[in-house]
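Predicted model and sequence below, questions to follow.
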Amino acid sequence: MEIVWQTPANPPHAHDYITRNGKRYVKPYYFEFIAHVKHRWDGKTIVDLFADEFKGRPYEYYVGAVKNGRLRVEGKTVHADYVVKNSQRITHFVHRHEPPVLAENVQILQNETDVLTVCKPASVPVHPCGQYRKNTVVGILEAEHGFAPLFPIHRLDRLVSGLLIFAKNAQKAEIFRQQIERGLLQKEYIAKVIGVFPEGEQIVEANVNHNAREQISTVELSDGTSKTIEGKKACTKFKRIQTDGKYSIVLCKPITGRTHQIRVHLQHTGHPIGNDELYLTKNVSSHSNKRKSIEFDDVDKSPPLDDSMNRNCEEEFEIDPLCTNCPNLAPIGYDGDEEGLWLHCVRYRGPDWSYECPLPSWSTLN
């Protein structure tokens, strides 16, 4: 079999996807990852480097990858005890398996000359990141509708659903960027939270400190001492729309745009999002570091697919003898029980424009 290696320059196509059991999968494909040796990697052997930094694959895999030319330095095949040097170019040729996402359509809302708006399903990343490349909103829109290039005007967390705005050209994207920089945009979300949220407008002004390594945000408040607050200033306005005594539907208006701001501010009020495992408890350490890298990116951990699924998958893509994920369709360790957050972007407003998104099914309480 002749292997065709893909790079970020290769566009996704509609036939790259498989929909099964309510999830959208990507057919595994051969991909070329490129990185340069960092200072802390200098002096390590090529195998020790990958075994230490990218723990999603066993040590023996990297020994085999070097031996078979799947791991190269400066484009050349090396031996397993080769010692890397700072700034050298390392290429890792992998059989890439992307995690599945929920198989909901990316609904096109408005298709204008310079602007495209869509309703993003929960669980789908906005753009390529980590182990997601084709299973992203940008990838799906290009594969299914031919929209490219697209310039995201804002982002939503992967588990958040709702309105996404794209500029179709760099000039329009720059206009949006200037409006954002001048603070001219207004954002509205809705959330389903635990308990009876207070009536009237509730304003939370509390710094948000995001730990990028642990992928968790915390609220920081001044205790009246000289202790330095590391978090960034953040403000969110909340207003209860509806409650049934167990849950409340809350309108959320973030004035600033910090990572996980709405989620952690709702936790701070004592009314976290009802299915937000990360912020349902203040003891969040057990939820951190859920993703471990297997390439130059992050990857989810989870049980493999069952044997019947594997047999069907083998008929739809080539099994790679060196791949540690084959014959599974999804990466080993993928959490198949993932659920979208009860947090949805409803509306964005600018100086002379406004875009809206339909409400999700959970937004009405019985």
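Right, received. Where do you want to start?

OK, contacts around residue 26?
Neighbour list for residue 26: 16-18, 97-98, 100, 133-135 [criterion: Cβ atoms under 8 Å, 6 or more residues apart in numbering]. Placement of C-beta: from N, CA and C, glycine included.

residue ranges for the helices of this protein, please.
In the chain, the helices defined using DSSP state H lie at 46-53, 59-67, 137-145, 170-181, 261-269, 307-314.

Below-threshold pLDDT in the stretch 251-366 of the chain: ranges please.
The stretch 251-366 of the chain contains residues with pLDDT under 70 at 282-315, 335-336.

mind running it again at 80?
281-316, 334-337, 366 (pLDDT under 80).

residues in contact with the residue lying closest to residue 150 once chain neighbours are set aside?
Nearest residue to residue 150 in three dimensions, chain neighbours excluded: residue 166, at 4.3 Å (Cβ to Cβ, 6 or more residues apart in numbering). Contacts for residue 166 (Cβ under 8 Å, 6+ apart) come out as 115-118, 141, 147, 150-153.

Among those, which are located in strands?
Per DSSP state E, strands hold the following members of these: 115-118, 151-152.

Among those residues, which one has the most neighbours?
residue 118 (24 neighbours; other Cβ atoms under 10 Å).

Touching, it and residue 111? I think so.
No. Using Cβ atoms under 8 Å, residue 118 is not in contact with residue 111; the gap is 9.3 Å.

Keeping just the C-alphas, turn stretch 12-23 into CSV.
Extracted in CSV, the C-alpha atoms of stretch 12-23 (Å, rounded to 0.1, in the frame of the first residue of the first chain):
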residue,chain,number,x,y,z
PRO,A,12,-11.2,17.9,4.5
HIS,A,13,-13.8,16.2,2.3
ALA,A,14,-17.3,14.9,3.0
HIS,A,15,-16.2,11.3,2.5
ASP,A,16,-13.8,11.7,5.4
TYR,A,17,-16.6,11.3,7.9
ILE,A,18,-18.5,8.4,9.3
THR,A,19,-21.7,8.8,11.3
ARG,A,20,-22.5,6.0,13.7
ASN,A,21,-24.6,5.7,16.9
GLY,A,22,-25.2,9.4,17.2
LYS,A,23,-21.5,10.4,16.7
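
ok, residues contacting that stretch?
Applying Cβ under 8 Å, 6+ apart, the contact partners of stretch 12-23 are 24-27, 29, 100-103, 133-135, 139-140, 142-144, 309, 313, 316, 329, 336.

can you pull the contacts of the residue lying closest to residue 120 once chain neighbours are set aside?
Spatial nearest neighbour of residue 120, chain neighbours left out: residue 164 (4.7 Å); criterion: Cβ to Cβ, 6+ apart. When contacts are counted by Cβ under 8 Å, 6+ apart, residue 164 touches 117-120, 126, 137, 152, 154, 156, 345.

can you tell me which of those residues lies nearest to residue 238?
Residue 238 lies nearest to residue 345 out of the contacts of residue 164, by Cβ to Cβ, at 15.2 Å.

Next, count neighbours for the closest one.
Other residues near residue 345 number 24, with proximity taken as other Cβ under 10 Å.

Identify the bridge partners of it.
For residue 345, the beta-bridge partners are residue 162, residue 189 (DSSP bridges).

Buried ones in stretch 228-248, by neighbour count?
In terms of neighbour count (16 or more other Cβ atoms under 10 Å), stretch 228-248 has its buried residues at 231-232, 234-238, 240, 243, 247-248.
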